[in-house]
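J.: Generate coordinates for the sequence data below:
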Amino acid sequence: MPSFPRDEMQEMVRRWVAANDEAGRSGNWSRMSAFYTEDAVYSWNTGPNWEFVARGRQQIHDWAFGSEMAGLEHWTYPYVRTLIDDQKGEFLGVWRQIAPVKDPEGAPYEIAGTGGSWFRYAGNFQWSWQRDFFDHGNAGAVFGAMAKNGQLTDEMLERMKAGAKQPGWTRRSEFDWFETLADPEA
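T.: Numbering: from 1, shown residues only. Model prediction:
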């Protein structure tokens, strides 16, 4: 993996976090896709049998920031830690997941556990690879509580019903995300 000037990577992370914060405020996540190369891969695990995989900027736009964010438009994902490895051209960001509505006790719903994203930088202020991680058990508990309290959006309820029929959901046996870690320069 190529190294990059640290100041360039710091500027990329600054731009990314600022765009993430604005997307949460505005509810428009679609602009985030401009941060990816044409052939980028973006994935996360969705449980023991499934992975979400978007290949290329258009799928990332349509699926990761489109169908997968349907019903989560004004959720915020504030970054609490950012770690840059300029020698490997990688960035790791740890974030929270906070709903725009409050629970019956008056606190915003928040998915507990650790959430984060691991990125590979490609230069030109774009990512070529991203892998998210978060606690699916806690996410399910929050969405269940919100549904029970009548606070889950119709879009999110539809997504939950669709399950693995959502665009980008791939059987785990058909996608090995470890292979996507291979050094493209090797």
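J.: Was I right to think Val80 contacts Ile98?
T.: No: between Val80 and Ile98 there is no contact under C-beta atoms under 8 Å: 11.3 Å. In this view, the C-beta of every residue, glycine as well, is placed from N, C-alpha and C.
J.: Between the two, point out the one with more neighbours.
T.: Shown here are Val80 and Ile98; by other C-beta atoms under 10 Å, Ile98 has more neighbours (16 against 11).
J.: Phi, psi for Met160 please.
T.: Backbone geometry at Met160, expressed as degrees, to the nearest 10, gives phi -60, psi -40.
J.: For the closest residue to Ala147 other than its chain neighbours, pull up the helix or strand it's in.
T.: In this structure, Ala147 finds its nearest non-sequential neighbour in Leu157, 6.7 Å apart by C-beta to C-beta, 6 or more residues apart in numbering. Using DSSP states H and E, Leu157 falls within helix 154-162.
J.: what's downstream of that helix, the next helix or strand?
T.: Following helix 154-162 in sequence, per DSSP H and E, is strand 169-171.
J.: What's the separation between Asp103 and Ala141?
T.: 12 Å (C-beta to C-beta, to the nearest Å).
J.: picking that back up, just checking, what packs against the helix holding Leu157?
T.: On a contact count with 3 or more C-beta pairs under 8 Å, 6 or more residues apart in numbering; DSSP states H and E, helix 154-162 meets helix 136-148.
J.: Now do the helix it packs on: distance to the chain's middle.
T.: 18 Å (C-alpha atoms, centre = their mean, to the nearest Å).
J.: Just the buried positions in it, please.
T.: For helix 136-148, the neighbour count (16 or more other C-beta atoms under 10 Å) marks 138, 142-143, 146 as buried.
J.: what's the answer for stretch 148-159, then?
T.: Buried, per 16+ other C-beta under 10 Å, within stretch 148-159: 151-153, 156, 159.
J.: before we move on, the earlier item: just put the buried residues of helix 136-148 in TSV and tack on pLDDT and distance to Glu179.
T.: Output for the buried residues of helix 136-148, formatted as TSV (pLDDT from 0 to 100; distance: C-beta to C-beta, whole Å):
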residue	pLDDT	distance to Glu179
Asn138	93	28
Val142	95	32
Phe143	92	31
Met146	95	36
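J.: What lies in contact with the longest helix anywhere in the chain?
T.: Counting residues, the longest helix in the chain under DSSP state H turns out to be helix 6-26. The contact list for helix 6-26 (C-beta atoms under 8 Å, 6 or more residues apart in numbering) reads 29, 31-32, 35, 74-79, 82, 84, 86, 89, 91, 93, 95, 121, 123, 125.
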